[in-house]
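> Got a predicted model here, sequence first, then my questions.
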Amino acid sequence: KIWAMGQFTKYKGTTRNRAVCLNLDGSVNTDLDLGTGFGNYVYDVCVMDGYYHFGGAFTTCKGVTHKYIVRMDSSGTIDNGDSGYPFYNTAGTYSFSSTVYCLTTDGTNLFVAGGGSVSSHGQNFFALLFTGRFSTSFPTGAGFNQAPNYIICMGDYVYCCGPATTYNGASCPAGFCYLYKDGSLPSQLFKNFNSTGTRKMVFSNRGYVLVGSFTSYDGTSYGRIITFHGFYETVDATFASNVGTGYANEMTDIIVVNGKLYVVGVSPSSFNGSTNYVYGIARLFSDGKQDT
């Protein structure tokens, strides 16, 4: 299935407020009933324990108050939990205070980026939910000084893309860092990105690839896309050479399909000085060469 989420209110002329599930032929999949949908942007969905967890800027779902996060079973029935759940439909101690941008899971825990301050739990812009409740073992503190744009859980780490420069009062690399899954910040060799940093990260057979609005990393120019070797935190020089000057505009998303990188930007964009093939979307080989 394909999940489409955003600010739209219709799909094929029929009201579908901010989220719709599609079959691969483009028809609407109605197994999960979204009813009247969401009252504002939906940014992400994550499936864990058979439940769909939606995050966004919404404060209502199906006409009922649910602030920034909501959980449904596979039929679309909302799980209201109780006062210990952050998706409980009454704002209070166990609620997020602003937009949820991204959700990821390791199969047991749900990691949440955004949400402003999570009240007495002491983390800003980053939280861990265990079986739907805030984890009591997750460290308290100042959290991030700015909300991550994207998080992904791989192995023992949660990788975080975005503009944050501190975590729990300690410096972290601007644009990209990683945390242990227990919420602690390890020593990292990553340096700083400029601008607002990175928007999305994927794993490829050459390491991990990041895109965003950045034009430099550690003082060296990189055109809004970069690859790091495995877990060694060193730039892939071959990839950088093949990419050259990179993209002229911000790149917002990237996925890997059959070993190739599909990269999406916010407007028509050039790649390495050429406008022959890049109009908002491009395809690269994993070594950075453009697949024309």
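The structure has been received and is ready for your questions.
> Run a quick neighbour tally on residue 106.
When counting by other C-beta atoms under 10 Å, one arrives at 16 neighbours for residue 106. For every residue, glycine as well, the C-beta is placed using N, CA and C.
> how about it, what does it touch?
153, 181 (C-beta atoms under 8 Å, 6 or more residues apart in numbering).
> could you check the distance from it over to residue 152?
From residue 106 over to residue 152 the distance is 10 Å, taken as C-beta to C-beta, to the nearest Å.
> Repeat that for residue 43.
14 Å.
> which of those two has more neighbours?
Taking neighbours as other C-beta under 10 Å, residue 43 and residue 152 compare with residue 43 leading, 22 against 19.
> hang on, that one packs against residue 55?
Yes: here residue 43 reaches residue 55: they are 5.7 Å apart, a contact under C-beta atoms under 8 Å.
> Spit out the residues that contact those two alike.
99, 100, 101, 102, 114.
> What is the nearest of those to residue 92?
Using C-beta to C-beta, residue 100 comes nearest to residue 92 of the shared contacts of residue 43 and residue 55, at 16.7 Å.
> per-residue pLDDT, that closest one?
Looking at residue 100, its pLDDT reads 94.
> what comes up buried for the helix or strand hosting residue 3?
Assigned by DSSP states H and E, residue 3 falls within strand 2-5. Buried residues in strand 2-5, counted by 16 or more other C-beta atoms under 10 Å: 3, 5.
> repeat for stretch 197-210
197, 198, 199, 200, 201, 202, 204, 206, 207, 208, 209, 210.
> Please identify which of these is nearest to residue 168.
Once C-beta to C-beta is applied, the member of the buried residues of stretch 197-210 that ends up nearest residue 168 is residue 197, at 18.7 Å.
> And that closest one, how close does it get to residue 115?
Distance, residue 197 to residue 115, by C-beta to C-beta: 19 Å.
> list the contacts for residue 229?
206, 207, 235, 236.
> How about the contacts made by the closest residue to residue 234 other than its chain neighbours?
Counting by C-beta to C-beta, 6 or more residues apart in numbering, residue 234 lies nearest to residue 228, which is 6.5 Å off, once chain neighbours are set aside. Going by C-beta under 8 Å, 6+ apart, residue 228 touches 207, 208, 210, 234, 235, 236.
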